[in-house]
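# Mind looking at a prediction? Sequence and model below.
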Amino acid sequence: MSPVLQVNNLRKSFGGIHAVNGVSFEVNDGEILGIIGPNGSGKSTLFNCVLGQLHPSEGEVRVDGQVTTGMRPCDINRLGVSRTFQLLQVFPQLSVRDNLILAGQEHQGTMFTRLIGRSDAGLGPAADQMIEFFRLSHLKDQMAGMLSYGQQKLLDAAMAFMAGPRLVLLDEPAGGVNLTMLGHLRERLQAYHAERKATFVVIEHQMEFVMALCTRVLVLAEGKLIANGAPEEIRRDPVVIEAYLGHGMNAA
Amino acid sequence: MSRAGVLAIALFALGAIIAPFMLKPFGIFLISMWAVLTIAAIGLNLTLGYAGQVSMAQGAFVGIGAYTLALLTQAGVPYPIAFVASGVLCFAIGWLLGYPALRVQHHYLAFVTLAFTTIVFLLLRNEEWLTGGIYGVNAIKRPVFFGWNTGKAMDYYFFCLGVLSVISFAVWWMLRSPWGRAFVALRENPVRALSLGLDTRRYTLMAFAIGSMLGGFSGALFASLVQFIEPASFALNRSFDLLLMVIVGGSGYFMGPFVGALISVLLPEWMRITEGYYLIIYAALVMVMMPLAPYGIVGLIERGYKSLTTKRGQQKPASVVAERAAP
């Protein structure tokens, strides 16, 4: 069986700066892959190239064996790949429920059938289930812009799962979230993974979050892949310690 | 929609039906103008208020619609076909005008559409062989449907009101459908919308095309209402006027264009008692209103109603209970 995601020799340059410099890796079905690295190591640029937000300078991306390089983000999403962004990206003027329906509606029928069909595109019950799953039921009719930062992070993650994706790329889901909410988010992601067997790729700086959630970890530094292995191996890898983790993390 | 919203719309509709029986012919002309321009404002509200695409071209589409109807009916084309053609032509031109919106936004897009309005005005003025130039087109007929002649002011008003009702229902339907949600997503965060599978290119073009089509229908009704059209009626000031209707009424609110058009059409007439000062007073009122009620009159009413009906404290954002980790 071919991997869900294949990234082959991906490069992205901005002027003379190589933000991503010949990165290759694969993500297997059902895996939770973590990507770590210092600021400016090219993690988010890598995500943006994989998801069509940026066109890579060189290299190829395949989803389920299909080449997606050069495809638009909406077309890649329709192949079953969804994402969250580093900064919060909910729709503040829509309710929590409408945010979730919106996240799934383009996968229902055609543009014309969506115009003449039901206002919730038949996704009302699925949105309610997702709201319950992420324990946001008490907020479902609130405008998303009225929620706390942590609640918006949960909603942001829930939106990525709404269309029942095959592969989910989460860009710093724990960023700016307090410890209580972080534990809740990790627990929900693990529950979703166990229930739906979805494949995740997670960029994160919060090392405990990565080590507890991920089955394999890639390390990027200066646009290059410097390590690829199980979390415990990564924690002990002297190259990674030198480039990113530091000796404090190793001792822990 | 809330019960209060339905009640407000019902009262508004009742008022629109009763009003002509209490007015003199000039008053009926004014409320007919309100109905006609409301349609153009609904179109602009869709493009700007819901989908977030700045357009200064709505006045030009009213002009294209008006001239299409006038020229086709004078060439012997039946009114219903000429009417539909006005909308279809504006839909096609609006679709094409949407392409720049795929590359530029905000004030850059405003200038693109502003330039388009200027081009349309110059074409209407200079291409005399087609448009009559500065002399315009006169003796534009009003339609007759199955023996119902809309030639009289009252009949034509009810025809305009009927078209406004049909268009309002169609737009309401569209906005309650997933398309409405998609337009809001386009306005609020196109990058995120794209990552959720929304074909933002197609929705942007649709927002422009449908908004422009409504401008075209408005122009067709306008032509038969005034029965004489000339280029100056569709210059930049018409686009600014329509923009003002949307902003004053409440951009992104369904009822915004209805209220905005009412104010824009009637207020100058009520203020004629101030003679030459009425435009100054009108402009000053707008300047005062914008910082006090940036969501427009409908937004102000809705927010006021919500704060009255919501228990104390419930309106506070959930984010007041800070959960964000300290940096």
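Thanks, I have the structure now.
# all strands of the chain, in order?
No chain in the question, so chain A it is. Per DSSP state E, chain A carries strands over the ranges A:5-14, A:17-27, A:32-36, A:58-63, A:66-67, A:81-83, A:167-171, A:199-203, A:216-221, A:224-229.
# sorry, should have said chain B
Counting by DSSP E, chain B has these strands, from start to end: B:137-138, B:144-145, B:148-149, B:228-229.
# now for the third one, which elements pack on it?
Going back to what we said before, that points to strand B:148-149. Strand B:148-149 is packed against no helix or strand, with contacts defined by 3 or more CB pairs under 8 Å, 6 or more residues apart in numbering or on different chains; DSSP states H and E. Backbone N, C-alpha and C define where each C-beta goes, glycine included.
# ok, residue 194 - how many residues close by?
Answering for chain A, as no chain was given. For residue A:194, the neighbour count with other CB atoms under 10 Å in any protein chain shown is 9.
# Chain B was what I was after
Residue B:194 has 23 neighbouring residues, counting by other CB under 10 Å.
# got it, and residue B:191?
A total of 11 residues lie near residue B:191 under the criterion other CB under 10 Å.
# Can you tell me which of the strands of chain B is packed in deepest?
Mean neighbours per residue, mean count of other CB atoms under 10 Å in any protein chain shown, is largest over the strands of chain B for strand B:228-229, with a mean of 20.
# Am I right that residue A:144 is in contact with residue A:97?
No - at 9.7 Å, residue A:144 does not count as touching residue A:97 under the criterion of CB atoms under 8 Å.
# nearest spatial neighbour of residue 88, skipping sequence neighbours?
Went with chain A since none was named. Using CB to CB, 6 or more residues apart in numbering or on different chains and skipping residues adjacent in sequence, the residue nearest residue A:88 is residue A:152, 5.3 Å away.
# oops, chain B please
Nearest non-adjacent residue to residue B:88, counting by CB to CB, 6+ apart: residue B:213, 7.4 Å away.
# quick one: contacts for the residue nearest to residue A:88?
For residue A:152, the contact set (CB atoms under 8 Å, 6 or more residues apart in numbering or on different chains) comprises A:88, A:90, A:144.
# what about the helix ranked longest in chain A, near chain B?
Counting by DSSP state H, the longest helix found in chain A is helix A:179-196. Yes - contact between helix A:179-196 and chain B, assessed by CB under 8 Å from any CB of the partner chain, occurs at A:179, A:180, A:181.
# quick one: which of the residues you listed is most hemmed in?
Most neighbours among the residues of helix A:179-196 next to chain B, by other CB under 10 Å: residue A:181, with 20 neighbours.
# do you know how far it is from residue A:149?
Note on residue A:181: its distance to residue A:149, by CB to CB, to the nearest Å, is 9 Å.
# Close to chain B: what parts of the stretch 151-252 of chain A are there?
Counting by CB under 8 Å from any CB, the stretch 151-252 of chain A sits next to chain B at A:151, A:159, A:163, A:176, A:177, A:178, A:179, A:180, A:181.
# which residues does the residue nearest to residue A:220 when sequence neighbours are not counted contact?
The shortest distance from residue A:220 to any non-neighbouring residue, by CB to CB, 6+ apart, is to residue A:37 (3.6 Å). For residue A:37, the contact set (CB under 8 Å, 6+ apart) comprises A:43, A:219, A:220, A:221, A:243, A:244.
# mind running it again at 7 Å?
A:43, A:219, A:220, A:221, A:244 (CB atoms under 7 Å, 6 or more residues apart in numbering or on different chains).
# Stretch B:276-295 and chain A in contact?
No - using CB under 7 Å from any CB of the partner chain, stretch B:276-295 stays clear of chain A, with a minimum separation of 11.1 Å.
# rewinding a little: which of the residues of the stretch 151-252 of chain A next to chain B lies at the shortest distance from residue B:59?
Checking these against residue B:59 by CB to CB gives residue A:159 as the nearest, at 38.7 Å.
# My guess is that closest one contacts residue A:101. True?
No - look at residue A:159 against residue A:101 with CB atoms under 7 Å: they stay out of range, at 9.9 Å.
# Tell me how many other residues crowd residue B:205.
Neighbours of residue B:205 (other CB under 10 Å): 20.
# That one and residue B:96 touch, don't they?
No - in this structure, residue B:205 is not within contact of residue B:96 by CB under 7 Å, at 8.8 Å.
# Okay, now the unreliable bits of the stretch 51-200 of chain A?
Filtered on pLDDT under 70, the stretch 51-200 of chain A yields no residues whatsoever.
# Helices of that one, residue ranges please.
Using DSSP state H, counting those that start in this stretch, the helices of the stretch 51-200 of chain A run over A:73-78, A:96-105, A:111-116, A:124-133, A:149-161, A:179-196.
# Deepest in the core, which of those is it.
Compared across the helices of the stretch 51-200 of chain A, helix A:96-105 shows the largest average neighbour count, a mean of 27 (mean count of other CB under 10 Å).
# which helices and strands does that helix pack with?
helix A:124-133, helix A:149-161, helix B:178-188 (3 or more CB pairs under 7 Å, 6 or more residues apart in numbering or on different chains; DSSP states H and E).
# closest one to residue A:19 among the ones you listed?
Judged by CB to CB, the one of these that comes nearest to residue A:19 is helix A:149-161, at 23.5 Å.
# Report the inter-axis angle for that closest one versus strand A:199-203.
140 degrees (axes from the mean of the first three to the mean of the last three CA atoms, to 10 degrees).
# quick one: helix A:149-161 to chain centroid distance?
Mean-position distance between helix A:149-161 and its chain equals 11 Å (CA atoms, centre = their mean, to the nearest Å).
# got the angle between that helix and helix A:96-105?
Using the same axes, to 10 degrees, the direction of helix A:149-161 lies 30 degrees away from that of helix A:96-105.
# tilt between helix A:149-161 and helix A:124-133?
Helix A:149-161 runs at 140 degrees relative to helix A:124-133, counting by the same axes, to 10 degrees.
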